[in-house]
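1. Test case, fold it:
(one chain, ligands or ions: 1)
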Amino acid sequence: MTQPFIDLADVTVRYGAQANATLALDRTNLRIAQGDFVALVGPSGCGKSTILKLVAGLLQPSSGGLIVGGRESPSSQQSGKTRIGLAFQNPTMLPWLSIRDNVMIPLKIVEPFRQHYAKKKRGEYAERAEALLAQVGLKGFGDKRPWQLSGGMLQRASLCRALIHEPQLLLLDEPFGALDSFTREELWSLTQQLWMDKRPTVLLVTHDLREAAYLATRICVMSSRPGRILEDRAVPFARPRTLAMSYAPEVSALVQELRLRIAEARTAADAAQNVIALEERKAA
Ligand SMILES: Nc1ncnc2c1ncn2[C@@H]1O[C@H](COP(=O)(O)OP(=O)(O)OP(=O)(O)O)[C@@H](O)[C@H]1O
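-> Modelled structure (predicted):
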C-alpha cells in the first residue's frame with residue numbers, strides 16, 4: 001500500500017483515570033487505502049466503535065500514531081479537513097425539521113458548503129437532497145417529519161445525510177443492526193451502489209458477518225478487549241455483488257471461518273479472565 005488514507009500505528013486507548021482505566025485498544029495497527037471498504041468485526045466490547053471514534057476525531061489515542069485522510073492525528077478541529085459522513089444504528093433526526101432539512105444538516109455545518117448555504121445554494125442543496133432521497137426510494141418523503149417514517153425509511157434518510165456532502169470517508173457503526181432482515185438486505189444493495197458510484201473510503205462496524213462479506217473488500221477480525229486486529233481478510237468476490245451471491249458456498253465458507261475465529265478470540269479472553277479471577281481469589 002502506498003500512503004494509506006487511514007493509518008493506526010501501535011494505537012493504545014485507555015478510558016478513564018490511570019488507576020482503574022479500561023484498556024480498550026492495545027498497540028492496534030490498521031492501514032486502509034483510499035477508496036477501500038473495510039468491515040471491522042469481533043466480540044462485543046473489543047473496541048470496534050473506539051476505532052471509529054478515533055478516526056472521526058472524537059477521541060485521541062492515549063499513545064501511538066494516527067493518520068486520517070493522509071494527515072496526522074486528527075483533533076476535532078483538524079478532522080474538519082477530511083469530509084466525514086457518519087451513520088449509526090439508531091438514526092437521530094431532529095424532530096422539528098423535515099426529512100429534507102435533516103438530510104441537509106451537514107451542508108449547514110461542513111465547509112465549503114456552509115458558506116454558500118444561506119445564499120444562492122439553498123435551493124440547489126434542497127434539489128441535491130431530493131435526488132439522494134429518490135435514489136434510496138424516498139421520493140416524495142422530503143416534506144415529512146421523522147416520526148412519519150418507519151425505522152427502515154429513517155435509516156435510508158440517515159444514509160442520505162451521511163452522503164449529502166460527498167464525504168471522502170464514511171463511518172458506519174452497525175447502521176443496519178436494528179432493521180428487519182428484508183430491509184437490511186435492501187440497504188446492503190443500496191450501500192454497495194452508493195459506494196460504487198462515489199468510492200468514499202468506508203469503515204463499517206458490524207456483528208453481521210454475511211453483511212461484512214457482502215459489502216466489504218476487506219474484513220478485519222478483532223481480538224477481545226483490549227482489541228487488536230487478529231486477522232485481515234481480503235474479500236475477493238466480484239462486484240456488483242448480489243444477494244443470491246451472499247448465500248453462495250464460498251461466501252458461507254468465509255462467514256463460517258470468521259465465525260470460528262471470533263469464537264476462538266472469545267474463548268481465549270474468557271480463559272484469560274478465569275486465570276485473573278483465580279489469581280485474585282488466591283491473593284485475597
Ligand atoms: N467512554 C467510555 N468510558 C469507559 N469505558 C468505555 C467508554 N467507551 C467504551 N468503553 C469500554 O471500552 C471497550 C470498547 O468499547 P467499544 O464501544 O469500542 O466496543 P465495541 O467493540 O464497539 O462493542 P460492541 O460490539 O458491544 O458495540 C468496552 O469494554 C467498553 O465498555
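2. Residue of the stretch 151-284 of the chain nearest the ligand, please.
-> Residue nearest to the ligand within the stretch 151-284 of the chain (C-beta to the nearest ligand atom): R225, separated by 5.0 Å. Using the backbone N, CA and C atoms, a C-beta is placed for each residue, glycine as well.
3. Give me the distance between that residue and N274.
-> Distance of R225 to N274, given as C-beta to C-beta, to the nearest Å: 15 Å.
4. Which one's more surrounded, those two?
-> Using other C-beta atoms under 10 Å, the more surrounded residue of R225 and N274 is R225, with 19 against 10.
5. Tell me the confidence at the more buried one?
-> According to the prediction, R225 has pLDDT 89.
6. same thing with I109?
-> Reported pLDDT for I109: 84.
7. cool, and Q135?
-> Note for Q135: predicted pLDDT of 87.
8. for it, what are its contacts?
-> Listed by C-beta atoms under 8 Å, 6 or more residues apart in numbering, the contact partners of Q135 are C160, L190, L194.
9. which SS class is the residue of the stretch 151-284 of the chain closest to the ligand?
-> coil (DSSP: H, G, I helix; E, B strand; the rest coil).
10. Wait, it touches K48, no?
-> No: assessed by C-beta atoms under 8 Å, R225 is found out of contact with K48, at 10.3 Å.
11. most surrounded residue in the contacts of Q135?
-> Within the contacts of Q135, neighbour counts (other C-beta under 10 Å) peak at C160, which reaches 27 neighbours.
12. Assumed that one was part of a strand.
-> No: secondary structure assignment (three-state DSSP) places C160 in helix, not in a strand.
13. That one and A212: what is the separation?
-> From C160 over to A212 (counting by C-beta to C-beta), the distance is 23 Å.
14. Also P146?
-> 29 Å.
15. Pick out whichever of these two has more residues nearby.
-> A212 (26 against 19).
16. So that one sits against I219, correct?
-> Yes: applying C-beta under 8 Å as the test, A212 and I219 come out as touching, 4.9 Å apart.
17. Give me the neighbour count for the closest residue to N102 other than its chain neighbours.
-> The shortest distance from N102 to any residue other than its chain neighbours is 4.7 Å, reached at M93 (C-beta to C-beta, 6 or more residues apart in numbering). Applying other C-beta under 10 Å, we find 20 other residues in the vicinity of M93.
18. Just confirm H207 contacts P175, I think it does.
-> No: H207 lies out of contact with P175 (C-beta under 8 Å); the separation is 11.9 Å.
19. higher neighbour count, the two?
-> For H207 versus P175, the count of surrounding residues by other C-beta under 10 Å is larger for P175: 26 against 14.
20. Now do the phi/psi pair for the more buried one.
-> Main-chain dihedrals, P175, degrees, to the nearest 10: phi -70, psi -20.
21. Return the residues in contact with it.
-> P175 makes contact with A87, F88, Q89, P91, Q155, S158, L159, L187, L204 under the criterion C-beta under 8 Å, 6+ apart.
22. Which positions in the helix or strand harbouring the first one come out as buried?
-> So that's A87. Under the criterion of DSSP states H and E, A87 resides in strand 84-88. By 16 or more other C-beta atoms under 10 Å, the buried positions in strand 84-88 come out as I84, G85, L86, A87, F88.
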